[in-house]
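# pasting the structure only:
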């Protein structure tokens, strides 16, 4: 099976380990992974902040970069939700307003082929035990876009629960937003920090060593609070845990 | 809207104060978490909740699409039942109408049942200016009024107060408004409620004019409907000689039968009850009213526009008019929970306020321009909304209006507005980011620069970045971006 990795701009620039983990994980599961170098950002920061027109070229770039791949896999619920929930609307409006000719057809072709990583593993590959080994206590924060935008449900937890050696503990108030929210973290810093601090208090209270998530944007915010507070807990992307094996454990 | 909120700082500054107030945050957290858990249980009891939600949305959308027709039908029905209908284009006109009606009765006191519409137009202040005293009779509204305070929640206006604060307010203020608080008043909820009951009973028995809002107006019958929990509303609606209802035009539903949906969804969404304790319905004066002294002998309905038809003209934003003011979105919103209701600078706080206020009032003021950004777009509000208002969609739509300007309808006229102040630097940054992201070569060069400068990673950033580094460390830039790893490790195959 052939799949293209949509690594996302945040992972490309700041969290390459997540992209590398996805490649290792998918290859281990027999997927032929490709990385189209023409990809960049899905346009979410622009769109969510009120710059819809500024996002249009990035929609086109993303759709063109992944044209022809039967599966496009991304380790970000938020970017997957951007494509699935908002690309059709943005493309339709662009055409209505006399810009972006062909954008609706181009993005319409992309939308059904884009899968968030846990969706791809569980729904497309049909696996929950990916043969991973990670001897740590882990608590999982389901980011809002994965939880409500994509409806990932218990897929991430099922994948984690099947990891050998991993002790999964429930995060109280898990479904509550961490307070990142893209530019919200900068535009409303006090509320954002208060939300993040409460989330970290809950996470640290579980006694877990690792706070796991499936969106590095939320983890940048939460991990930043952990580091500033000098907590022993680490923030880790789900892909890194799933990529870890007894032969090649995550360092 | 009311002048009380004029000159409010923008949301981020107002929220900062609330975030720093530990007692307020504790009050809000306790109250919102209690009611959100109860709501979830009450909703889970109904197997057909999703269908009720869809039906409520459909009825509201249909009514809004034919609002002109249903409002005229309502006017006919109310008039036929002995009521008088008045049309108010804005707050000033509505206040003028109500003030005139009260003055014409010769009385200088009114009792009020909690109403968002009259708060929206600042009716109490307008009445006061005309020498008329307006007494709030909803327990929470009474607390707010006696405390010279502003409401901070749609359903629980005094949510920000705890019972010790309420006791102090009663003791200090009740005497100057009417019956004083009993000596030695404690902070037991039962004692506080009894003190309020005695204080209000005196008002109900004396007042000759009642002012109210309505949750629904039925076009086919002219029936007005008020949902409440305490029974104080029913006293206001039945004891005075003259009853004046001020209602937003979006509250109309076509038929009496449509109420069956909202009788199920509104109480469960708002107070987490299967049914609210008091549902009062009245249709004009009716044959039995007036003549035998049972109920008011005069009924006036003031239909309030105040930005609603302008909102209706916006294809995305108009869904905010479906709102039935249940406040489920407030109770589930993590931003509201930290920022409190006052930070929204409007009688409509929380997620619904963040989309309703900038539409009713326009985005011209600093506070209104900041409201569409007072959300992380987490989607919890949309999930709980009993009429399925896609609040995140409207927020993003309004952000576009604030950041880029565009066409809006103001007082019935289509105009093009300019972007709000303060977005020039942001717009430039968004364009620069887009240019960079649309040129992978430049992006790659930028990423490599970042990797090379990784040892220089500062602990604190200047400018807008400072907001990030005040409480969070920056992520450590990696030695190389992913695309370089790929080119080296797997490049040969690509």
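Cool, the structure landed. Computed from a prediction, not measured in an experiment: that's the story for all the values here.
# ok, the residue nearest the centre of chain B - contacts?
Nearest to the geometric centre of chain B sits residue B:348, at 2.5 Å (CA atoms, centre = their mean). If you count contacts by CB atoms under 8 Å, 6 or more residues apart in numbering or on different chains, residue B:348 has them with B:116, B:120, B:154, B:356, B:357. The C-beta positions use only the backbone N, C-alpha and C, and glycine is treated the same way.
# these two touch, right, residue A:117 and residue A:72?
No: using CB atoms under 8 Å, residue A:117 makes no contact with residue A:72, being 11.1 Å away.
# Enumerate the positions of the helix ranked longest in chain B that are buried.
As assigned by DSSP state H, the longest helix anywhere in chain B is helix B:22-44. Buried residues in helix B:22-44, counted by 16 or more other CB atoms under 10 Å in any protein chain shown: B:24, B:25, B:27, B:28, B:31, B:32, B:35, B:36, B:39, B:42, B:43.
# Run through who's touching that helix.
A:194, B:18-19, B:49, B:156, B:159-162, B:268-269, B:271-274, B:328, B:330-332, B:336-338, B:340, B:384.
# Next secondary structure element downstream of it?
Next in sequence after helix B:22-44, counting helices and strands by DSSP states H and E, comes helix B:49-65.
# how near is the residue nearest to the centre of chain B to residue A:170?
35 Å (CB to CB, to the nearest Å).
# what do you get for residue B:374?
Taking CB to CB, one finds residue B:374 at 30 Å from residue A:170.
# now residue B:35
23 Å.
# ok, back up a step: name the residue in residue A:117 and residue A:72 with the higher neighbour count.
It is residue A:117, of residue A:117 and residue A:72, that has more neighbours when counted by other CB atoms under 10 Å in any protein chain shown, with 29 against 25.
# Neighbours of residue B:453, how many?
Neighbour number of residue B:453 under other CB under 10 Å is 10.
# can you list the weak-confidence ranges in chain B?
Along chain B, the model assigns pLDDT under 70 to residues B:1-7, B:286-293, B:492-494.
# in stretch B:126-142, what counts as buried?
Those would be B:126-127, B:132-142, for stretch B:126-142 by 16+ other CB under 10 Å.
# before we move on, what about stretch A:160-178?
By neighbour count with 16+ other CB under 10 Å, stretch A:160-178 contains the buried residues A:160, A:162, A:163, A:166, A:167, A:168, A:171, A:176, A:177, A:178.
# What is the burial count for residue 15?
Unless you meant another one, I'm taking chain A. So residue A:15, with other CB under 10 Å, has 27 neighbours.
# wrong one, chain B
Using other CB under 10 Å, residue B:15 has 27 other residues around it.
# One more: residue A:248?
11.
# Quick one: residues contacting it.
residue A:24.
# quick one: the strands in chain B?
B:84-88, B:109-112, B:133-136, B:209-212, B:216-218, B:223-228, B:242-248, B:252-253, B:278-283, B:298-304, B:406-410, B:413-417 (DSSP state E).
# what residues are up against residue B:84?
Residue B:84 touches B:78, B:298, B:299, B:300, B:301, counting by CB under 8 Å, 6+ apart.
# For residue A:141, see how far away the residue nearest in space to the middle of chain A is.
Most central in chain A under CA atoms, centre = their mean is residue A:76, positioned 1.5 Å from the mean C-alpha point. Look at residue A:76 and residue A:141: by CB to CB, they are 14 Å apart.
# Identify the residue spatially nearest to residue A:200, adjacent ones excluded.
Among residues not flanking residue A:200 along the chain, residue A:225 sits closest, at 5.0 Å (CB to CB, 6 or more residues apart in numbering or on different chains).
# who touches that neighbour in this structure?
Neighbouring residues of residue A:225 by CB under 8 Å, 6+ apart: A:193, A:196, A:197, A:200, B:471, B:472.
# do residue A:196 as well
Going by CB under 8 Å, 6+ apart, residue A:196 touches A:178, A:179, A:180, A:221, A:222, A:225, B:471, B:472.
# rerun at 7 Å
Taking CB atoms under 7 Å, 6 or more residues apart in numbering or on different chains, we find residue A:196 in contact with A:178, A:179, A:221, A:222, A:225.
# can you check residue B:271 too?
Residues near residue B:271 by CB under 7 Å, 6+ apart: residue B:229.
# cool, and residue A:147?
By CB under 7 Å, 6+ apart, the contact set of residue A:147 is residue A:175.
# and it, what pLDDT?
The confidence metric pLDDT takes the value 95 at residue A:147.
# quick revisit: ChimeraX command to pick out the buried ones of the contacts of helix B:22-44?
Here is the ChimeraX command that selects only those of the contacts of helix B:22-44 that count as buried (16+ other CB under 10 Å):
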select /A:194 /B:18,19,49,156,159,160,161,162,268,269,271,272,328,330,331,332,336,337,338,340,384
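# Just to be sure, which of the contacts of helix B:22-44 are found in helices?
Judged by DSSP H, those include A:194, B:18-19, B:49, B:268-269, B:328, B:330-332, B:336-338, B:384 as members of helices.
# As JSON lines, the residues you listed with distance to residue B:408 would be great.
Below are the ones in helices among the contacts of helix B:22-44 laid out as JSON lines (distance: CB to CB, whole Å):
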{"residue": "A:194", "distance to residue B:408": "33"}
{"residue": "B:18", "distance to residue B:408": "30"}
{"residue": "B:19", "distance to residue B:408": "32"}
{"residue": "B:49", "distance to residue B:408": "35"}
{"residue": "B:268", "distance to residue B:408": "35"}
{"residue": "B:269", "distance to residue B:408": "30"}
{"residue": "B:328", "distance to residue B:408": "28"}
{"residue": "B:330", "distance to residue B:408": "26"}
{"residue": "B:331", "distance to residue B:408": "30"}
{"residue": "B:332", "distance to residue B:408": "29"}
{"residue": "B:336", "distance to residue B:408": "26"}
{"residue": "B:337", "distance to residue B:408": "31"}
{"residue": "B:338", "distance to residue B:408": "30"}
{"residue": "B:384", "distance to residue B:408": "28"}
